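Asks: Here is my input, please return the structure:
(one chain, ligands or ions: 1)
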Amino acid sequence: MAYILYESICNYKNYQYNLQVNIEQYDGGKDKQQRETSLNELVTNEASIDPVQIQIIAPSTKILFIPINQRSNSSTSSDIPSIIPLRQLINIHQIEKREKNGNGFFSSLPRFFEKNQLIRTQIKSESNSNSLNSSATNENEIPLNLSLSNVVNKDPEAFSHIYMRQTNELSESNEQSTTSLKRSILTTDEENVENNDEEQKSKTCVQLTYIDIKSPFQWLLKHLIIELQTEAEAKTFCVYLTKCLSILKERPRHLLVFVNPLCGKGKGHSIYENRIMTLFDEAQVNVDTIYTERANHARDYILDQELTKYDGIIGVGGDGMFSELCHGLLLKTVQNSNLDINDPRVNLIRPETRIGIIPAGSTDAVVYGTTGMNDPVTSALQIITGESLLIDLTTIHSEQGFVRFMATMLAYGFFGDIINTSERWRCLGPFRYDLAGFRQFVRNKSYRSHLSITLSPNDSSLHHSVELDTSQPLQETTKRQQFFQNTETDDSLKEIVTPRAQFCNRNCDKCSINDIETDGELRLPLQIEKQGQYTTINCLNMPCRCKKSKYGMSPFVHLGDGSFDLILVKRSWRTGFLRFLWQVANDSRYINQLPNVERYRVNEVLIKPELAHSEQAGNWSCDGELISGNKIQVRVHRQILNLFARGIEFQQVENTKKLKKPFFSSFWNKNKKQTNANV
Ligand SMILES: Nc1ncnc2c1ncn2[C@@H]1O[C@H](COP(=O)(O)OP(=O)(O)OP(=O)(O)O)[C@@H](O)[C@H]1O
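Replies: Got it, this is the predicted structure:
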């Protein structure tokens, strides 16, 4: 049942609204523990509301702006949202608006303006100036409340010098210009206040800072200043909403932030100081910041220090920084619970602390995979609102024991060799990767390997009309095993084991399946052995999207379903491998249709290079770092990390599109047998 916690009239510009705070009563549904709170916790002594003892669902609380006295359809402002859900509210406070007689403007401008908001305001003030000036001819129609855009319109002289600075400084489009611009507005404003103190009269306004989620991939911070009728009303409104905000338990209050000053060509420092710190300030999140001084600084700090006072650990950097945080946190949990990390069958325990990553690296595959794009502000806002995403990680073991955790991709062969060569060519700068890639492509090396693959039992493609006798799981495994082993051609096997084409969404079905038993059907892992000559063998825990690959190498891998994708690229002519690379860069949804590519969804894989007498093994790379081993075992750990991220909301864009077969696919299929024979 919906309940109105607060109601009054407010003004925004020259429009009037019925302002409501609606809460929803808890009706005994699921998620009780997390969501309920008692209404009397929200109601203070000052409140006029009857402190009824009801349970409410805090996250469903919303602020409504209902237009009143509509004279025409255009009598509401498009700047004001009709609803601000509590989840999207960052903070609220009363501000005092002083108005100059005649040419009124604020003395209390919002504390913080985002760069793009300032630009938008500027553009708006230029384009709307005529219409607003003419609409203000009648005294009764002068806006009761003024935003920055109106201020500029109403008193062009007072702001003309600021306008000049805005134009000059913003055209430089660097972070510093935004900072100095903020200062310039406030300074000018304060000077005017001092000079005209007697002329001013006081009104009470409320500033709401909230997140605008117009695009699911990009979140923006916005400010809204509304005016209430009396100071008491404004105060009650702020008290209620502050209380509501305080019961959002998922929001972090204290964070530890590691900044890699060298990441992404040295942009980590400026991204953090100019764009992110102000957001944490706005949200009143306490932050302890450490600028890393060497590789593994963050990992060692997490391992050595007591971190229980923090609600989360944040890295400002790229995938390497993310990997450091994972290693620090997971190894600490392993130590604390006396687990043997060198045992390939180790069962890890999920750390309680959440990890967040603010993208500032050169690839940012983790952030692309978990938020949909690499926007530092969006990631910071998802941390502030306490979004949560459980993701899988894999352990990598060699014959020597534990090697490392893998978050994005493990590669043997082509991609490992590129990393190895580019390490030796460091003096060439970033260009070395392209050069090493070209060299490797020309060499067209392939490696003979043996793979023991444990297929994921949760992938529905495996339930291919095999009748199960659930009372005898062991026997059943054998039956299935036989079914797969007796499958005659490579093609029919491929059809059965290729994962379903379904993007991993926020709240996706596959990641929310609880166990290996669903629909009364017992799903058991299935073992297959493979042997062949491969140009590259890749294990992907995330899609690995980046600027150079729209969908990543494995677009349908799921973040939390307890499996990862194994992509095998068999030896082929260079043209065959070029097709694979082209498809990865442009549209990897179809790579399994290439004759030389196989894709499996797996729980575990053991990769053993098989070398003839004088042959040299290929190189291994894991999350962009070189690793070594004669045989490598990769094993997934389901939902082992809790990330501050929302997951990707693909459904609006991608799932509505029908997957089309690639242009060449019919040609490939026709010639598949011939190509295989040639190789
Ligand atoms: N102060 C530092 N000096 C040298 N290396 C550092 C420092 N801080 C972190 N590192 C190391 O730098 C490596 C790369 O960092 P990071 O991943 O943040 O940036 P990137 O390489 O630009 O981004 P990406 O991994 O997305 O391509 C990491 O492996 C990390 O261990």
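
Asks: use CA for all of it now, contacts and neighbours both
Replies: Fine.

Asks: Same question for stretch 399-416: list its buried residues.
Replies: Buried residues in stretch 399-416, counted by 16 or more other Cα atoms under 10 Å: 401-416.

Asks: Kindly report the same for stretch 604-620.
Replies: 604-610, 617-620.

Asks: Widest-spaced pair of those residues?
Replies: Glu604 and Ala617 (21.8 Å; Cα to Cα).

Asks: what sits up against stretch 326-335?
Replies: The contact list for stretch 326-335 (Cα atoms under 8 Å, 6 or more residues apart in numbering) reads 298-303, 340-341, 348-351, 353, 355, 404-405.

Asks: Now which of these would you call buried?
Replies: In the contacts of stretch 326-335, burial by neighbour count holds for 298-303, 341, 348-351, 353, 355, 404-405, counting by 16+ other Cα under 10 Å.

Asks: So which of these would count as near the ligand as well?
Replies: Counting by Cα under 6 Å from any ligand atom, nothing from the buried ones among the contacts of stretch 326-335 sits close to the ligand.

Asks: Which ones among those map onto strands?
Replies: Members of the buried ones among the contacts of stretch 326-335 lying in strands (criterion: DSSP state E): 355, 404-405.

Asks: Can I get these in CSV including pLDDT?
Replies: Below are those laid out as CSV (pLDDT from 0 to 100):
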residue, pLDDT
Ile355, 96
Arg404, 96
Phe405, 97
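
Asks: and which of those residues is nearest Pro252?
Replies: Of these, the one sitting nearest to Pro252 (Cα to Cα) turns out to be Ile355, at 11.1 Å.

Asks: is it true that that closest one touches Phe644?
Replies: Yes: Ile355 lies in contact with Phe644 (Cα atoms under 8 Å); the separation is 6.0 Å.

Asks: out of the buried residues of stretch 399-416, which are inside helices?
Replies: Those of these mapping onto helices are 414-416, per DSSP state H.

Asks: which among the residues you listed gets closest to Leu89?
Replies: Once Cα to Cα is applied, the member of those that ends up nearest Leu89 is Phe415, at 44.3 Å.

Asks: need the contact list for that closest one.
Replies: The contact partners of Phe415, taken as Cα under 8 Å, 6+ apart, are 536, 621.

Asks: pLDDT wise, what is it at?
Replies: You'll see Phe415 listed with a pLDDT of 94.

Asks: Just the mean pLDDT for the helix or strand hosting Lys265, thanks.
Replies: Of the helices and strands defined by DSSP states H and E, Lys265 is found in helix 263-266. The average pLDDT within helix 263-266 is 86.

Asks: ok, which residues in this structure are in contact with the ligand?
Replies: Within the chain, the positions near the ligand by Cα under 6 Å from any ligand atom are 260, 262-264, 292-296, 317-321, 361-364.

Asks: Might you specify the subset of those residues located within helices?
Replies: If you go by DSSP H, the residues of the chain next to the ligand have 263-264, 319-321 in helices.

Asks: Farthest pair within the buried residues of stretch 399-416?
Replies: Farthest pair in these (Cα to Cα) is Gly401 and Phe414. Separation: 24.5 Å.

Asks: Confirm for me that Asn630 is in contact with Leu606.
Replies: No: here Asn630 does not reach Leu606: they are 10.8 Å apart, not a contact under Cα under 8 Å.

Asks: Poorly predicted segments of the stretch 351-500 of the chain, please.
Replies: Scanning the stretch 351-500 of the chain for pLDDT under 70 picks out the ranges 458-500.

Asks: Give me the below-cutoff pLDDT ranges for the stretch 501-650 of the chain.
Replies: If you take pLDDT under 70 as the line, the stretch 501-650 of the chain has these spans: 514-525, 650.

Asks: Report the residue ranges of every domain in this protein.
Replies: Annotated domains of the chain cover 1-7+106-125+203-248, 251-393+639-654, 409-463+483-513+522-622 [the TED database].

Asks: Quick one: end-to-end length of the longest one, please.
Replies: With Cα to Cα, to the nearest Å as the measure, the first residue of domain 409-463+483-513+522-622 is 6 Å from its last.

Asks: Likewise for stretch 315-322?
Replies: Across stretch 315-322, first to last residue, Cα to Cα, it's 6 Å.

Asks: Tell me, how many residues neighbour Glu423?
Replies: The local packing of Glu423 (other Cα atoms under 10 Å) involves 16 other residues.

Asks: Check the secondary structure at it for me.
Replies: Glu423 falls in the helix class when you classify it by DSSP: H, G, I helix; E, B strand; the rest coil.

Asks: name the helices or strands packed onto the host helix or strand of Leu5?
Replies: Using DSSP H and E, Leu5 falls within strand 2-12. Judged by 3 or more Cα pairs under 8 Å, 6 or more residues apart in numbering; DSSP states H and E, strand 2-12 is in contact with strand 15-25, strand 218-228, helix 231-246.

Asks: Buried ones in the last one, by neighbour count?
Replies: It stands for helix 231-246. 231, 233-242, 244-245.

Asks: Closest to the ligand out of the residues you listed?
Replies: Nearest to the ligand among those, counting by Cα to the nearest ligand atom, is Leu245 at 32.7 Å.

Asks: Give me the nearest residue to the closest one, chain neighbours excluded.
Replies: Spatial nearest neighbour of Leu245, chain neighbours left out: Leu86 (7.1 Å); criterion: Cα to Cα, 6 or more residues apart in numbering.

Asks: Test my guess that the one you found contacts Leu64.
Replies: No: the pair formed by Leu86 and Leu64 falls short of the contact definition of Cα under 8 Å, at 10.5 Å.

Asks: of the two, who's got more company?
Replies: Leu86 (23 against 18).

Asks: Phi and psi next, for the more buried one.
Replies: phi -60, psi -40 (degrees, to the nearest 10).

Asks: That one and Asn11: what is the separation?
Replies: Distance, Leu86 to Asn11, using Cα to Cα: 20 Å.

Asks: For Cys427, give me the backbone phi and psi.
Replies: Main-chain torsions, Cys427, degrees, to the nearest 10: phi -60, psi -20.

Asks: and it, what does it touch?
Replies: Going by Cα under 8 Å, 6+ apart, Cys427 touches no other residue.

Asks: what does the one 10 residues further on give?
Replies: For Gly437, the residues meeting the contact criterion (Cα under 8 Å, 6+ apart) are Ile418.

Asks: how would you label it: helix, strand or coil?
Replies: From three-state DSSP, the assignment for Gly437 is helix.

Asks: can you check the one 4 residues further on too?
Replies: The local conformation at Phe441, judged by three-state DSSP, is helix.

Asks: okay but it is in contact with Thr575, surely?
Replies: No: using Cα under 8 Å as the test, Phe441 is too far from Thr575 to be in contact (10.1 Å).
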